[in-house]
Structures are given as structure tokens and as C-alpha cells.
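Undergrad: Take a look and give me a structure for this.
(one chain, ligands or ions: 1)
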Amino acid sequence: MSLNRRAFLKRVWWSGAALAAGTAAYATWVEPTRVQVSRLRVAVRGLPRAFDGLTIAQLSDLHRSHAVSAAYLNHCMDLTNALEPDLIALTGDYLTYILDFRVWLEPAVINDRKRAPELMRDVAACVGRARARFGVFACIGNHDRWYDAWAVAAALRGVGVTVLRDEHAIVRIHGEPLPVVGIDDPWSGWANMPRAFAGVDAPFALVLMHRPDFFEHWARRGSHLLLAGHTHGGQVKLPLIGPPVVSRYGRKYPHGLFRRDDVQMYVNRGLGVTPPAVRLNCPPEISFIRLEAA
Ligand SMILES: [Fe+2]
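TA: Take a look at the predicted model:
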């Protein structure tokens, strides 16, 4: 091999290594806190006039842990409050409480489990700062179930959040009742739809549920906007390949707005991360939704 060719290959190798190291550093230390506000208008058929223009800020998957600081979550809450939403929806996974093989990928997650009560106090302090004209509503995620859904719900209720566990609340907006329904985490053994909707008889309902998979077999009639999280958008989205498998139905509902007849679902990319604690081409998100009569 000529000297020139060897020097060229060496240069290519070092450039590739530098690019890989730079990408890894960006995915580890930059993108996980590069939160974006996604503004979208959702047109709803049969939306009562009183809800036309209603704004909802959705925050999901806070995952307070060694990898997600309280300062960062407070910054996200400042951004949310600056949007002056009418209503705030929190769609689960306030902590990281991992029980599977991933504890061996990052030993710090074992420590996160031990510190769960303290980390939950950070979340409650942050969420307690949320300001919305018609209130703050929350459902429970799978990590909350794995830790202690009752403790998570109590901590959130302690700071004024309405936690909906297979139940609903009626919010009066200009005299019109808006049912806000919260469905528990379906694949960890809970999710009682008849109970959550018992007595609800309105043309439109806002539904908070952690996992988007429920959309696949949503059978309830009427007009609904479902707000989900859980997928984190895949955390890493490679060009041409897309996100990895993100939920029970593979890559079907990774992020964004989905529609089937009068049922629409928005899947939020979340604020935090779970191991491996990286994000690439998939920044954290606050969704800011404005309802409009179709
Ligand atoms: Fe999550």
C-alpha cells in the first residue's frame, strides 16, 4: 500500500471515529434537554362551541432519575406556564423504575429505584408549579405502576393535580361540561374503560392514557381526543430506518397525531429518557394543542 493511500485511509478512519464520538456526545449531553414546543391545531367534528379555541399543554414521561434533573424539568414547566394553557395534561411515567434487563446497562438505575420517594418529591414540587385556567390532570404510567401508583397519585394530588385512575372529572368551560377521562396503564393489569367512562354522556371527551396501544382497539363511540406518551418517540430516530420498536404494536404509533373516524390520538415524545439515556433526531417535547370545531 502506498504511503498516500495509507494516509488517506487513516484520515477516513479518524474522521469516522470523530463523527461517531461527536454524535454520541450530542445524543448524550445535548439533545436530551433540547426541549421543543409542538404547536398543533386539532379539528374536532361536533366540538361544542364552548371548547372552540381551548388550549391544552401535554407533558409526558418526565422520568425524573439520575439522567433527568429537577432543574431541567423545572425549565420545562417554565416553558409550559409561559404558553398560558387552559388545561394541562400529564400522561404518566413521572419516575424511572426499571425492573427488566436494562438495570444491567446502567447501574445508576438501581440507585434511582432506591431514591424513588425523593425523586417523586422533586416531581411533585415541579408539577405543583403548573398553572392552567381549568386545572392540571394526570394519568398513571407503567413506571409509576412498577414503583407504587398509589404513592405517585398521592404525591401529585398533594400539589393540586387531579389524578384520574380509571375515572373522570367534569370540567365546566363556559357552562359546557367537558369530561376529562384518565385510563390506567392497560398492560400492567389495570384499565377499566366502563368504570372510567361511567355516566359520561357528552359529545366530546378528552382522554389521558399512558400507552398509545389502546387506540388500536378503541371501541367507544363519539368524538374523542386521546393523549398518550410512553414511546418517547423511540428516543433515537435513524434516517431511513426510523425509531426502534416503541410499543406493543411495534412502530405503529411512535409519535404525532393519528386519526380513525372521530377518534384522534396525539402521542407525545416525552420530556425524559430511559436507558440508554440518549436522544438522537427525536428531541423532548411539550405539545400545545388548540381545539377547533371542524
Ligand atoms: Fe416512559
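Undergrad: Assign a three-state SS to the nearest residue to His63 once chain neighbours are set aside, would you?
TA: What sits nearest to His63 in space, not counting adjacent residues and going by Cβ to Cβ, 6 or more residues apart in numbering, is Gly272, at 2.9 Å. Placement of C-beta: from N, CA and C, glycine included. At Gly272 the chain is in coil, as set by DSSP: H, G, I helix; E, B strand; the rest coil.
Undergrad: Quick check: next helix or strand after the helix or strand hosting Gln264?
TA: Secondary structure from DSSP states H and E places Gln264 in strand 263-267. Counting by DSSP H and E, the element after strand 263-267 in chain order, helix or strand, is strand 285-293.
Undergrad: in that following strand, what's buried?
TA: Glu285, Ile286, Ser287, Phe288, Ile289, Arg290, Leu291 (16 or more other Cβ atoms under 10 Å).
Undergrad: Look up the residues forming beta bridges with the first one.
TA: Spelled out, that is Glu285. Gln36 (DSSP bridges).
Undergrad: cool, and the last one?
TA: Judged by DSSP bridges, the bridge partners of Leu291 are Val42.
Undergrad: what sits against it?
TA: By Cβ atoms under 8 Å, 6 or more residues apart in numbering, the contact set of Leu291 is Val42, Val44, Leu47, Phe51, Asp52, Gly53, Leu54, Thr55, Ile56, Leu225.
Undergrad: ok, of these, which one's closest to Pro239?
TA: Val42 (28.5 Å; Cβ to Cβ).
Undergrad: show me the contacts for the closest one.
TA: Leu225, Leu257, Gln264, Tyr266, Ile289, Arg290, Leu291, Glu292.
Undergrad: which of those residues sit farthest apart?
TA: Most distant of the contacts of Val42, by Cβ to Cβ, are Tyr266 and Glu292, 14.0 Å apart.
Undergrad: what about stretch 273-290 and the ion, touching?
TA: No: contact between stretch 273-290 and the ion is absent, the nearest approach being 5.9 Å (criterion: Cβ under 5 Å from the ion).
Undergrad: May I see the buried residues of stretch 63-80?
TA: Those would be His63, Arg64, Ser65, His66, Ala67, Val68, Tyr72, Leu73, Cys76, Met77, Leu79, Thr80, for stretch 63-80 by 16+ other Cβ under 10 Å.
Undergrad: re the thing from before, what is the nearest of the contacts of Leu291 to Leu178?
TA: Using Cβ to Cβ, those come closest to Leu178 at Phe51, 6.3 Å.
Undergrad: Do I have it right that the closest one meets Arg172?
TA: No: assessed by Cβ atoms under 8 Å, Phe51 is found out of contact with Arg172, at 11.3 Å.
Undergrad: give the contact list for the residue at minimal distance from the centre of the chain.
TA: With distances taken as Cα atoms, centre = their mean, the residue of the chain nearest its centroid is Ser60 (2.5 Å). Residues near Ser60 by Cβ under 8 Å, 6+ apart: 90-93, 210, 227-230, 268-271.
Undergrad: got the phi/psi numbers for the residue in the stretch 101-250 of the chain positioned nearest to the ion?
TA: The ion sits closest to His230 of the stretch 101-250 of the chain, with a gap of 5.3 Å, by Cβ to the ion. Per-residue torsions, His230: phi 80, psi -40 (degrees, to the nearest 10).
Undergrad: State the number of residues packed around the closest residue in space to it that isn't next to it in sequence.
TA: Take His230 and drop its neighbours on the chain: the residue closest to it by Cβ to Cβ, 6+ apart is Arg211, 4.6 Å away. Burial of Arg211 is recorded as 26 neighbouring residues (other Cβ atoms under 10 Å).
Undergrad: for this protein, what spans make up the strands?
TA: 36-44, 55-59, 87-91, 136-139, 162-163, 167-173, 176-183, 204-209, 223-228, 256-260, 263-267, 285-293 (DSSP state E).
Undergrad: what helices or strands is the lengthiest helix in the chain leaning on?
TA: Using DSSP state H to define each element, the chain has its longest helix at helix 3-25. If you count contacts as 3 or more Cβ pairs under 8 Å, 6 or more residues apart in numbering; DSSP states H and E, helix 3-25 packs onto no helix or strand.
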